[in-house]
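Enquirer: Would you be able to build a 3D model of this:
(one chain, ligands or ions: 2)
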Amino acid sequence: MSNPPVEVLVYGLGAIGSFYAFILSCSEEVRLTVVARSNYDAVKANGIKITSGNHGEHHVRPYRVVKSAAEAGQKFDYIVCAHKAIDQSGVPPQIEPGVDAARTTIVIIQNGVGNEEPFRESFPTTTILSCVTWSGVRQPQPGVVTHTKSEDMQIGLYPNKARDSAAETARLTHFASLLATGKTVFQIVPNIQVQRWEKVVWNAAWNPLTTLTLMDSHSWLNSSEGATPMTKKVMKEVIDVARALGVPIEYELIDRLFERILRMPPIGSSMRTDYENGKPIEVDIILGYPPLIKGSS
Ligand SMILES: NC(=O)C1=CN([C@@H]2O[C@H](COP(=O)(O)OP(=O)(O)OC[C@H]3O[C@@H](n4cnc5c(N)ncnc54)[C@H](OP(=O)(O)O)[C@@H]3O)[C@@H](O)[C@H]2O)C=CC1
Ligand SMILES: CC(C)(CO)C(=O)C(=O)O
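Expert: Numbering: from 1, shown residues only. Ligands and ions are numbered 1, 2, ... in the order given. Predicted structure coming up:
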């Protein structure tokens, strides 16, 4: 008798949700359900079309396309949350119908810090995997996704003291095996909060700078002599907060992030894309949350 499928729900089927839905769908073990919102009609009718600089062209036909986790009427092994982190506390009640406290692992793929907390509060005994992605993806039309060549993700546990750590690690290893089958670039890391904060150092600078100026990264840096020092100053302020909270980040990160941006083609940012599309932007999770954390100055 063959094994039952690995039931995966992707919640937040935008650019990043669709990209990782594609990656996960490469595994024959996976049975993929997606919760779609504004792209529901397109994805229900035509699936997800993806063009990737690394993976080529693909057409993903999820097993089910639904409007809510409740509509799916089942529990899942993995619920992958790739929605915009705008009303983070509003999402656990939305995915609750798909969560079985003993069976389900929640996987968060978002920018920001503190993203995991509302999920831990609502599901105190559930394993949470936290992911930081550097993949560049857009959804220019509903259900049509373009991925650049930029592809990297760090993944780690948001450790749960209520659970056995070996069992949590087994979930992490299993999910990682699904990512590996989809041939995406990723690393398992021991303390994902380091990578979350490193990414927020990047996003706190580039997302507002490209949104406020409507310039790409390189045009901004070339716009005046003050642009590079100002960008570095923003990054330093976020590192100051991280260090005050005991997250081990060194100031040389700024040089590494500068090397990274100069190696890349000029970028806008997901925040600028949202602004240009008239969508809400992730202000609090990227800019507001770090100074709000209890104990930070
Ligand atoms: N795009 C990129 O290149 C990168 C994005 N990220 C991060 O990944 C995450 C997802 O971004 P991205 O895929 O670009 O975003 P998109 O806007 O493309 O997709 C977000 C999806 O989530 C839905 N959604 C938005 N807000 C909520 C909410 N409050 N509750 C439920 N569903 C919601 C949207 O529905 P609807 O269509 O109806 O708006 C959409 O389906 C963000 O945290 C972003 O910062 C990280 C690295 C790179
Ligand atoms: C794609 C990338 C890395 C570019 O800054 C990003 O994180 C974003 O746009 O939010």
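
Enquirer: Kindly report the residues of the stretch 51-200 of the chain close to ligand 2.
Expert: For the stretch 51-200 of the chain, the residues in contact with ligand 2 (C-beta under 6 Å from any ligand atom) are 111, 134, 136. C-betas here are computed from N, CA, C, even on glycine.

Enquirer: Quick one, which of the residues you listed are buried?
Expert: For these, a neighbour count by 16 or more other C-beta atoms under 10 Å gives the buried set as 111, 136.

Enquirer: near ligand 1, from the residues of the stretch 51-200 of the chain next to ligand 2?
Expert: Intersecting those with the contacts of ligand 1 gives 111, 136 (criterion: C-beta under 6 Å from any ligand atom).

Enquirer: With pLDDT and distance to residue 277 as extra columns, can I get the residues of the stretch 51-200 of the chain next to ligand 2 in TSV?
Expert: Putting those into TSV (pLDDT from 0 to 100; distance: C-beta to C-beta, whole Å) gives the following:
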residue	pLDDT	distance to residue 277
111	97	17
134	96	22
136	93	16
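
Enquirer: Dump the residues of the stretch 51-200 of the chain next to ligand 2 to JSON lines, plus secondary structure.
Expert: Formatted as JSON lines, these follow (DSSP: H, G, I helix; E, B strand; the rest coil):
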{"residue": "111", "secondary structure": "coil"}
{"residue": "134", "secondary structure": "coil"}
{"residue": "136", "secondary structure": "coil"}
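
Enquirer: May I have the residues that are in contact with the residue in the stretch 101-250 of the chain that ligand 2 sits nearest to?
Expert: Closest residue of the stretch 101-250 of the chain to ligand 2, C-beta to the nearest ligand atom: residue 136 (4.3 Å). Residues in contact with residue 136, defined by C-beta atoms under 8 Å, 6 or more residues apart in numbering, are 147, 148, 150, 151, 267.

Enquirer: ok, 6 Å please
Expert: Each residue near residue 136 by C-beta atoms under 6 Å, 6 or more residues apart in numbering is listed here: 148, 150.

Enquirer: Point out where this structure drops to low pLDDT.
Expert: Under the criterion of pLDDT under 70, the regions of the chain flagged as low confidence span 1, 290-297.

Enquirer: what ranges do the helices span in it?
Expert: Remark: helices assigned in the chain by DSSP state H are 15-25, 40-46, 69-72, 91-95, 117-122, 165-181, 192-213, 217-221, 227-244, 253-263, 270-276, 289-292.

Enquirer: Reformat the ones you listed as a markdown table; add distance to residue 8 and mean neighbour count.
Expert: Listed next are the helices of the chain as a markdown table, based on distance: least, C-beta to C-beta, whole Å; neighbours: other C-beta atoms under 10 Å:
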| stretch | distance to residue 8 | mean neighbour count |
| --- | --- | --- |
| helix 15-25 | 6 | 25 |
| helix 40-46 | 15 | 16 |
| helix 69-72 | 11 | 17 |
| helix 91-95 | 13 | 19 |
| helix 117-122 | 17 | 16 |
| helix 165-181 | 8 | 15 |
| helix 192-213 | 20 | 21 |
| helix 217-221 | 34 | 18 |
| helix 227-244 | 32 | 17 |
| helix 253-263 | 31 | 14 |
| helix 270-276 | 23 | 20 |
| helix 289-292 | 28 | 17 |
